[in-house]
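>>> I'd like to go over a predicted model; first the sequence, then the structure.
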Amino acid sequence: MRNLQSHTAADMAEQISGVERSREKDVLPSERYVVETMPQILGKFDMTATYVVALFLLSNAVIGATGGPVSLIYLGLGALVFFLPCVVATATLGLAYPQEGSLYLWTHKALGNFWGFFIGLCYWLTGVLAAITGADALVTTLQGLNNNWLPQPWQQGLVIMVVIVFAGIMGMQRFQTTQYVINAVFMLTLIAVGLIGLAALVWLAKRHPPATNFAVGTGWAVNPGNFTLFGIITLNFMGASGPLTMAGEIQGRGTPQLGRIIKSHLLWGTILVIGLDFVVTVSVLVVRGQAILNAPVLPFEAFTAVGATLGVIARDIAVICFMGYCLAAAIFYSYASARILMVAGIDQYMPTQFARLNKHRVPASSALFQAIFGSAVAALVFILLPAVPNFGGNSANSPIENYTVLSAVTTLIWTVATAFLFIDIVFLYRKRPTLFRKLHLFPTPVIWASVLVGTLACMLIIGGVLAYPWIPRQIDPGTWRIVVGGLTIFLLIIVGATSTLASSQAD
């Protein structure tokens, strides 16, 4: 046997965590069931592709560019104080407990039944809303191609519902087939961003001056007028633990390969996500500048930049690639959220019907429920509420307002769930310090610095989202705080009550 001192952190992770788990009394049924019944097919490339699809939303990067040069400040700040601490925490917890469910499992280990299911349910809810976000990005792209397409809210809602149903159907297929789709769309995303970046280079090569004057100091100034950008931009960095929801389906179970896959996808995926956001933001600033503020469809401006420099064919290629991404994002969040329902069913927090697998060994019942629930939310936001007379004022603007409020609520709930990455580390370290010391993935000061900085960043995001409306022209600050804050609290109360009942049932 090799000397353990010669093992790398990745080589030791699975062995150490296996020894520690053998001493635990709170091993969940899902920890054993998933690895015994579901195929382990996810490799390094699969996990990296899934990571990028889960986190990078091109249209959000375009919206983040509305602040001008200071958008790059917020992009760097969000990556430094929020994204990187999340990655450090995710890697640490993922190597310690590489089982299905990620935050659901880790919080259960740290804080017990109630909090584990509470955070799992919060994470599931954000997955539902994120799938709708991906579908809505597809609608926005279609409107960018032709402003006369899908003018009515009910038409937009129907398209979103079709995408959600399609994502649910894909989630019921053989997981390897679904993963092929994710991998292919990952490559298409790189092509789309490559064309957007090339557009900026061609623009400068033709001796056009940058549409944004980066030399003016006031453009880089951080002030209350642009604080809202921090919440919008950090939304691009949420979900680092998402792919590890399928950790029980990663290759190499019981071997050092598992730890290497976890480390590799977090390293390369993080580099890619930050790089892709940077390329899109800079390109839009160089080619379009503040002209994006007057655009009829703001998220489409990245493709407008491609069309202005590389031509219509290149623009259409980039658009098709991004539309594929929108479908893939909805697919990912649908089947990842279904995995939360599945493990909750296995652990008896929810009806066991959610835990049942179909012939492809995927949780079909959970995927079906996910599609039905997501479609119902989309119908409520885009069809039913806009149909109510005088609801939200102008009926033409109400879908935009409703969607923006929904996105802000998603950000708040997602931030609450993300904060438990750091809370879990604190409590788990107190319970099993030997496990974290032996991993040697990061120096202990780096882990604790990430816990402190990441927690403070979560608090800052929550305060910023509540204090500064994302659409100040349509919703004033007072109304924004009441609506967004009230809806968030209401949903958290519902989740808390459900968690109390589910924990009692499981006990």
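Cool, the structure landed.
>>> SS state for Lys254?
Check again: residue 254 is Gly, not Lys. Classification of Gly254 into helix, strand or coil gives coil, according to DSSP: H, G, I helix; E, B strand; the rest coil.
>>> which intervals of the stretch 351-500 of the chain have sub-threshold pLDDT?
Applying pLDDT under 70 to the stretch 351-500 of the chain flags the ranges 389-399.
>>> redo that, cut-off 80
Along the stretch 351-500 of the chain, segments meeting pLDDT under 80 span 387-403, 435-440, 473.
>>> which residues in the stretch 351-500 of the chain form helices?
With DSSP state H, counting those that start in this stretch as the criterion, the stretch 351-500 of the chain has helices at 364-379, 385-387, 398-431, 433-439, 444-467, 477-480, 486-506.
>>> which secondary structure elements does the shortest one contact?
Based on contacts counted as 3 or more CB pairs under 8 Å, 6 or more residues apart in numbering; DSSP states H and E, the elements that helix 385-387 packs against are helix 153-170, helix 398-431. Glycine gets a C-beta too; all of them are placed from N, C-alpha and C.
>>> Format these as CSV; extra columns: distance to Ile274 and mean neighbour count.
Shown next, in CSV, are the helices and strands packed on helix 385-387 (distance: least, CB to CB, whole Å; neighbours: other CB atoms under 10 Å):
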stretch, distance to Ile274, mean neighbour count
helix 153-170, 26, 21
helix 398-431, 17, 21
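>>> Which one of the ones you listed lies nearest to Asn236?
Among the helices and strands packed on helix 385-387, helix 398-431 comes nearest to Asn236, with 10.7 Å by CB to CB.
>>> Buried residues, stretch 216-224. List them.
Residues Gly219 are the ones in stretch 216-224 that count as buried (16 or more other CB atoms under 10 Å).
>>> pLDDT (mean, whole number) over that stretch?
Averaged across stretch 216-224, the pLDDT comes to 89.
>>> Distance from the chain centre to it, please.
Centroid separation between stretch 216-224 and its chain, computed with CA atoms, centre = their mean, to the nearest Å, is 29 Å.
>>> Also stretch 96-108?
So, by CA atoms, centre = their mean, the centroid of stretch 96-108 is 17 Å from its chain's centroid.
>>> And stretch 127-137, by the same measure?
From the chain centre to the centre of stretch 127-137 is a distance of 10 Å (CA atoms, centre = their mean).
>>> same deal with stretch 311-323?
Here stretch 311-323 is found 24 Å from its chain centre; the criterion is CA atoms, centre = their mean.
>>> Look at the spatially closest residue to Arg339 that is not a sequence neighbour and say how many residues are nearby.
Distances taken as CB to CB, 6 or more residues apart in numbering place Thr245 nearest to Arg339, at 5.0 Å, with adjacent residues excluded. Neighbour count of Thr245, defined by other CB atoms under 10 Å: 30.
>>> For Thr245, give me its contacts.
By CB atoms under 8 Å, 6 or more residues apart in numbering, the residues touching Thr245 are Glu100, Gly101, Ser102, Leu103, Tyr104, Tyr123, Ala336, Arg339, Ile340.
>>> before we move on, could you check phi and psi at the third one?
Looking back up the chat, that one is Ser102. phi 40, psi -110 (degrees, to the nearest 10).
>>> Point to the residue nearest the middle of the chain.
Gly239 (3.7 Å; CA atoms, centre = their mean).
>>> That residue is in contact with Thr133, isn't it?
No. Applying CB atoms under 8 Å, one finds Gly239 not in contact with Thr133, separated by 11.3 Å.
>>> any common contacting residues for these two?
By CB under 8 Å, 6+ apart, no residue touches both Gly239 and Thr133.
>>> Now render the helices of the stretch 351-500 of the chain as a markdown table, adding distance to Asn294.
As requested, these are exported to a markdown table (distance: least, CB to CB, whole Å):
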| stretch | distance to Asn294 |
| --- | --- |
| helix 364-379 | 29 |
| helix 385-387 | 25 |
| helix 398-431 | 16 |
| helix 433-439 | 52 |
| helix 444-467 | 26 |
| helix 477-480 | 23 |
| helix 486-506 | 31 |
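>>> what pLDDT does Arg2 get?
Per-residue pLDDT puts Arg2 at 36.
>>> What of the one 5 residues further on?
On pLDDT, His7 comes in at 40.
>>> does Pro363 really touch Phe354, like I thought?
Yes. Using CB under 8 Å, Pro363 is in contact with Phe354, at 6.8 Å.
>>> Please spell out which residues along stretch 469-489 are buried.
Across stretch 469-489, burial judged by 16+ other CB under 10 Å covers Pro469, Trp470, Gln474, Ile475, Trp480, Arg481, Val483, Val484, Gly485, Leu487, Thr488.
>>> what residues does it touch?
Residues contacting stretch 469-489 (CB under 8 Å, 6+ apart): 228, 231-232, 393, 397, 400-401, 404-405, 407-409, 412-413, 465-468.
>>> Could I get the CA-only coordinates of it as PDB?
Only the C-alpha atoms of stretch 469-489 are listed here, as PDB (Å, rounded to 0.1, in the frame of the first residue of the first chain):
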ATOM      1  CA  PRO A 469     -35.000  48.500  -7.300                       C
ATOM      2  CA  TRP A 470     -33.900  46.800 -10.500                       C
ATOM      3  CA  ILE A 471     -36.500  48.700 -12.600                       C
ATOM      4  CA  PRO A 472     -36.700  52.100 -10.700                       C
ATOM      5  CA  ARG A 473     -38.700  53.700 -13.600                       C
ATOM      6  CA  GLN A 474     -41.500  51.200 -13.100                       C
ATOM      7  CA  ILE A 475     -41.400  50.400  -9.400                       C
ATOM      8  CA  ASP A 476     -40.400  52.900  -6.700                       C
ATOM      9  CA  PRO A 477     -38.100  51.800  -3.800                       C
ATOM     10  CA  GLY A 478     -40.900  51.600  -1.200                       C
ATOM     11  CA  THR A 479     -43.100  49.500  -3.300                       C
ATOM     12  CA  TRP A 480     -40.100  47.400  -4.400                       C
ATOM     13  CA  ARG A 481     -39.200  46.600  -0.800                       C
ATOM     14  CA  ILE A 482     -42.700  45.700   0.200                       C
ATOM     15  CA  VAL A 483     -43.400  43.500  -2.900                       C
ATOM     16  CA  VAL A 484     -40.000  41.800  -3.200                       C
ATOM     17  CA  GLY A 485     -39.300  41.500   0.500                       C
ATOM     18  CA  GLY A 486     -42.800  40.500   1.400                       C
ATOM     19  CA  LEU A 487     -43.000  37.800  -1.300                       C
ATOM     20  CA  THR A 488     -39.600  36.400  -0.200                       C
ATOM     21  CA  ILE A 489     -40.700  36.200   3.400                       C
END
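>>> Count the residues that sit near the residue nearest to Pro224 when sequence neighbours are not counted.
Distances taken as CB to CB, 6+ apart place Tyr468 nearest to Pro224, at 7.5 Å, with adjacent residues excluded. When neighbours are counted by other CB under 10 Å, Tyr468 registers 20.
>>> now do Gly496
Residues near Gly496, counting by other CB under 10 Å, number 14.
>>> Gly197 against Ser283, yeah?
Yes. Between Gly197 and Ser283 there is a contact under CB under 8 Å: 5.5 Å.
>>> Assumed Val222 was part of a helix.
No. Counting by three-state DSSP, Val222 is not part of a helix but coil.
>>> mind checking the backbone torsions on it?
The phi and psi values for Val222, taken as degrees, to the nearest 10, are phi -90, psi 120.
>>> With Leu42 instead?
For Leu42, the backbone dihedrals are phi -80, psi 120 (criterion: degrees, to the nearest 10).
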